[in-house]
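>>> Got a predicted structure plus its sequence, pasted below:
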Amino acid sequence: MKAPATKPTIITRTQVAAWFALLFTHASLTSRLDAVLQAEHSISFSEFEIMCRLKDHEAQPVRALAAQLVSVSPTRASRLVQELVDAGHLQRGADQGDGRISLISFTTAGRRYAEIVSRTFEHAVKTHFVDRLDSDDIAALIKIWTKLEPDST
């Protein structure tokens, strides 16, 4: 026997469907991008996100870097940072103002690697996201994000 469909009481079925569409879109695209990065560079989407955040502001304390990430928890981010250090892409250094703080930055080889992976990532985003949408779709997504971003309330 099939369970009866639940009826939302506060939001409409269409609003529920929109919510799940947003979640499915995120999960599906992230999974596709992760698969491309794994296949071509043996790096996860989350590891690449760490590198992207680091490219924007180098060197950073591990905790500050981990707090910026959307794809993993801060605990998982610390382990991924260590994996990137072990792989020779990142390096640790001491903060000159507070030696207890570990700063993360790129190695020379890691910066080159990040640039190569960035090109692959951009190509994958274009293939799996941009090419499937028109300019109105992209504008609508930007408008939605602007309404939902944390600073807009």
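That came through, no problem. Because the structure is a prediction, the values reported are computed rather than measured.

>>> Shouldn't Ile104 be within a helix?
No - Ile104 is assigned strand when assessed by DSSP: H, G, I helix; E, B strand; the rest coil, not a helix.

>>> how about Leu141, what does it touch?
Leu133 (C-beta atoms under 8 Å, 6 or more residues apart in numbering). Backbone N, C-alpha and C define where each C-beta goes, glycine included.

>>> That one belongs to a strand, doesn't it?
No - assigned with three-state DSSP, Leu141 falls outside any strand and is helix.

>>> how far away is it from Ile11?
Separation of Leu141 from Ile11 (C-beta to C-beta, to the nearest Å): 21 Å.

>>> Likewise for Leu133?
26 Å.

>>> buried stuff in the helix or strand of the chain with the lowest mean pLDDT?
Lowest on mean pLDDT, DSSP states H and E among the helices and strands of the chain sits helix 62-68, with a mean of 79. By neighbour count on 16 or more other C-beta atoms under 10 Å, the buried set for helix 62-68 is 62, 65-66, 68.

>>> Return the member of those residues nearest to Glu115.
Glu115 has its nearest neighbour among these in Leu65, at 18.8 Å by C-beta to C-beta.

>>> Tell me how far the closest one lies from Leu84.
Counting by C-beta to C-beta - Leu65 and Leu84 are separated by 11 Å.

>>> between these two, what contacts are shared?
Ile50.

>>> Distance from the longest helix seen in the chain to the middle of the chain?
Secondary structure of the chain per DSSP state H: the longest helix is helix 13-41. Distance of helix 13-41 from the chain centroid (C-alpha atoms, centre = their mean, to the nearest Å) equals 12 Å.
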